[in-house]
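J.: need a structure here:
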Amino acid sequence: MYPKYIKRIFDILFAIILLPPVLFVIILFGFLIKLEDRGPVFYCGKRLGKNGKVFKMFKLRTMKVNAPDIRNPDGSTYNSIDDPRLTRIGKFLRKTSLDELPQIFNILKGDMSFIGPRPDLPDHIHYYEGDEFKKLDVLPGITGYNQAYHRNSVEWKKRLENDVYYVKNISFILDLKILIRTIIIVLLRRGVFNETIHTKSTQINATE
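T.: Numbers count the residues shown, from 1 in each chain. Got it, this is the predicted structure:
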């Protein structure tokens with residue numbers, strides 16, 4: 001009952017309640033993003049959703065226009081405080097996680113939930129094995145088990161393992177714990193950047 005219906009009702013209600021202040025923040029930082037380099041305010045990246053459906057995930061743009069896509073050895077996206085692709089305002093948005101706020105529109109569209117596994121890039125589905133496909137049984141989230149307990153401090157395969165654990169144990173209590181821990185971690189700005197697995201990163205193509 002909770003995963004299929006109640007969770008979705010909560011998502012819609014909280015998204016509607018939070019929409020006015022979120023829109024204010026988006027407009028404010030959208031102006032600053034535009035002011036810095038005249039580039040687009042939003043980044044819309046393709047991601048894997050529930051049942052493998054590909055959707056466009058909205059974020060405030062944090063990188064320079066036409067920044068190259070750099071991946072870690074495990075295939076995950078490169079993420080470092082010293083990333084030269086980040087704009088000045090982008091560094092602040094990443095540290096505070098405010099760049100994720102536009103995903104409230106993904107929630108209203110039904111592509112995402114407030115809490116769930118973070119969505120992977122579409123080509124990552126070719127690297128899933130066994131139970132890892134269970135990650136696609138639920139809507140991806142703005143935050144989730146990995147973000148609450150590990151943020152960006154573990155490799156991609158370990159994150160998949162944690163995502164499967166979440167899917168198998170999803171409940172209101174677990175979601176509440178994840179929400180509380182996420183708020184604490186974001187306020188303390190812990191684990192925003194991955195400083196351990198990006199040392200042998202490779203450039204793929206132009207994207208955020």
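J.: can you pull out the strands in this protein?
T.: Under the criterion DSSP state E, strands of the chain are mapped to 42-48, 54-60, 68-71, 113-115, 141-143, 202-206.
J.: by how many degrees do the first one and strand 54-60 diverge?
T.: Strand 42-48 and strand 54-60 meet at an angle of 150 degrees, taking axes from the mean of the first three to the mean of the last three Cα atoms, to 10 degrees as the criterion.
J.: And strand 42-48, how far out from the chain middle?
T.: Here the centre of strand 42-48 is set off from its chain's centre by 10 Å, with Cα atoms, centre = their mean, to the nearest Å.
J.: can I get the CA coordinates of it in CSV?
T.: C-alpha atoms of strand 42-48 as CSV (Å, rounded to 0.1, in the frame of the first residue of the first chain):
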residue,chain,number,x,y,z
PHE,A,42,18.6,24.6,-16.7
TYR,A,43,20.4,21.4,-17.5
CYS,A,44,18.1,18.6,-18.7
GLY,A,45,19.9,15.2,-18.6
LYS,A,46,18.5,11.9,-19.7
ARG,A,47,18.2,9.4,-16.9
LEU,A,48,16.8,5.9,-16.3
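J.: if we can go back for a sec, which one of the strands of the chain lies closest to residue 11?
T.: Nearest of the strands of the chain to residue 11, taken as Cβ to Cβ: strand 113-115 at 5.2 Å. All C-beta atoms are positioned from the backbone trio N, CA, C, and that covers glycine.
J.: Just name whatever secondary elements that closest one is in contact with.
T.: Packing contacts for strand 113-115, counted by 3 or more Cβ pairs under 8 Å, 6 or more residues apart in numbering; DSSP states H and E, involve helix 7-37, strand 141-143, helix 172-188.
J.: out of those, deepest packed?
T.: strand 141-143 (a mean of 24; mean count of other Cβ atoms under 10 Å).
J.: quick one: contacts of that one?
T.: 100, 103-104, 107, 112-118, 178-179, 182 (Cβ atoms under 8 Å, 6 or more residues apart in numbering).
J.: re the thing from before, with mean pLDDT and distance to residue 60 added, can I get the helices and strands packed on strand 113-115 in CSV?
T.: Listed next are the helices and strands packed on strand 113-115 as CSV, based on pLDDT from 0 to 100; distance: least, Cβ to Cβ, whole Å:
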stretch, mean pLDDT, distance to residue 60
helix 7-37, 96, 6
strand 141-143, 96, 13
helix 172-188, 90, 15
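J.: Tell me, how many residues neighbour the nearest residue to residue 158 once chain neighbours are set aside?
T.: Excluding the flanking residues, the one nearest residue 158 by Cβ to Cβ, 6 or more residues apart in numbering is residue 150, at 7.9 Å. By other Cβ atoms under 10 Å, 14 other residues sit near residue 150.
J.: Isn't residue 150 up against residue 162?
T.: Yes. If you go by Cβ atoms under 8 Å, residue 150 and residue 162 touch, sitting 7.0 Å apart.
J.: Just list the residues touching the closest residue to residue 108 other than its chain neighbours, thanks.
T.: Of all residues not flanking residue 108 in the chain, residue 15 sits nearest, at 5.2 Å (Cβ to Cβ, 6+ apart). Residue 15 is in contact with 104, 107, 108, 114, counting by Cβ under 8 Å, 6+ apart.
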